[in-house]
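J.: give me a 3D structure for the following:
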Amino acid sequence: MKRKLEQIENDKNASDKVKKASLVRNFDEILKLGLATCHENISIVHSSTTSEAFRLNLLNLTKVNMKKMYKVSKGVKWSESEKYKELFSKRSRLLIYFDEVHKDIVNGFAHFRFEMDIDNDPLRPILYLYELQIQKTAQRKGIGNKIVHLLITLGKALEMEKIMLTSLKINENANTFYKNFGFELDPSTPSKWGIEVGYEILSYPLTK
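T.: Below is the predicted model:
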């Protein structure tokens, strides 16, 4: 009974942290947390504040980078309409990295959400990185590093316990990138349960 009460309390605390984090609506509010990683060309916005033209731009970037890899990866399916819904869900947050010279050009973006790790007992508050997409012409310039560093800082400031993401096995560049950052196979990843699919679930602890 005591353990049950403790678990309920832990789950409530995790839920409260996710709700608190979800109240962050834009980069100005994040600055109030005292983060020292602000850049003039970076914006963090709620998906609902973006225009349709801007949304289609992000969707097309994701399509160019990912569609071919989806088609040859077991256990995933590319659907433009489903990807649109995922990217611009009411729970989605977007970190946009604009070009430093041409301020209207998006060089890269991250799509993330604050969620509960339902595969963990007790439940844990996490930042789930759904997408990290960089324009082909802007790759290998440190943009991905800056975005992930900011997400790590953000996750820690908002008391998330880890960052999680899904990475396609065929995407060797991405897997090497995350490995170099310190991401490891999450206990929930299918391969640890003997399930053979074309992706892995990676995670990075924020409570070291």
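
J.: next helix or strand past the worst-scoring helix or strand of the chain on mean pLDDT?
T.: Ranked by mean pLDDT, DSSP states H and E, the helix or strand of the chain with the weakest confidence is helix 27-31, at a mean of 61. Remark: after helix 27-31, the chain's next helix or strand is strand 42-46, criterion DSSP states H and E.

J.: quick one: that following strand to chain centroid distance?
T.: On the basis of CA atoms, centre = their mean, to the nearest Å, strand 42-46 sits 13 Å off its chain's mean C-alpha point.

J.: so which elements touch that strand?
T.: With contacts defined as 3 or more CB pairs under 8 Å, 6 or more residues apart in numbering; DSSP states H and E, strand 42-46 has these neighbours: helix 27-31, strand 93-98, helix 143-157. In this view, the C-beta of every residue, glycine as well, is placed from N, C-alpha and C.

J.: for the ones you listed, give me a markdown table that also has distance to residue 62.
T.: As requested, the helices and strands packed on strand 42-46 are exported to a markdown table (distance: least, CB to CB, whole Å):
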| stretch | distance to residue 62 |
| --- | --- |
| helix 27-31 | 22 |
| strand 93-98 | 12 |
| helix 143-157 | 14 |
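
J.: pick out the shakiest of those, pLDDT-wise.
T.: Mean pLDDT is lowest for helix 27-31 out of the helices and strands packed on strand 42-46, coming in at a mean of 61.

J.: now do the contacts for the residue most central in space within the chain.
T.: Nearest residue to the geometric centre of the chain (CA atoms, centre = their mean): residue 129, 1.4 Å. Counting by CB atoms under 8 Å, 6 or more residues apart in numbering, residue 129 touches 110, 111, 112, 151, 163, 164, 165.

J.: so which strand or helix has it?
T.: Per DSSP H and E: strand 124-134 holds residue 129.

J.: strands of this protein, start to end?
T.: Counting by DSSP state E, the chain has strands at residues 42-46, 93-98, 106-117, 124-134, 162-168, 184-185, 199-205.

J.: quick one: which of the ones you listed is nearest residue 63?
T.: Relative to residue 63, the nearest member of those by CB to CB is strand 124-134, separated by 9.6 Å.

J.: partner strands of that closest one and their direction?
T.: Strand 124-134 has the following strand partners under DSSP bridges: strand 106-117 (antiparallel), strand 162-168 (parallel).

J.: quick one: low-confidence residue ranges for this protein.
T.: Residue ranges of the chain with pLDDT under 70: 1-10, 25-39, 121, 208.
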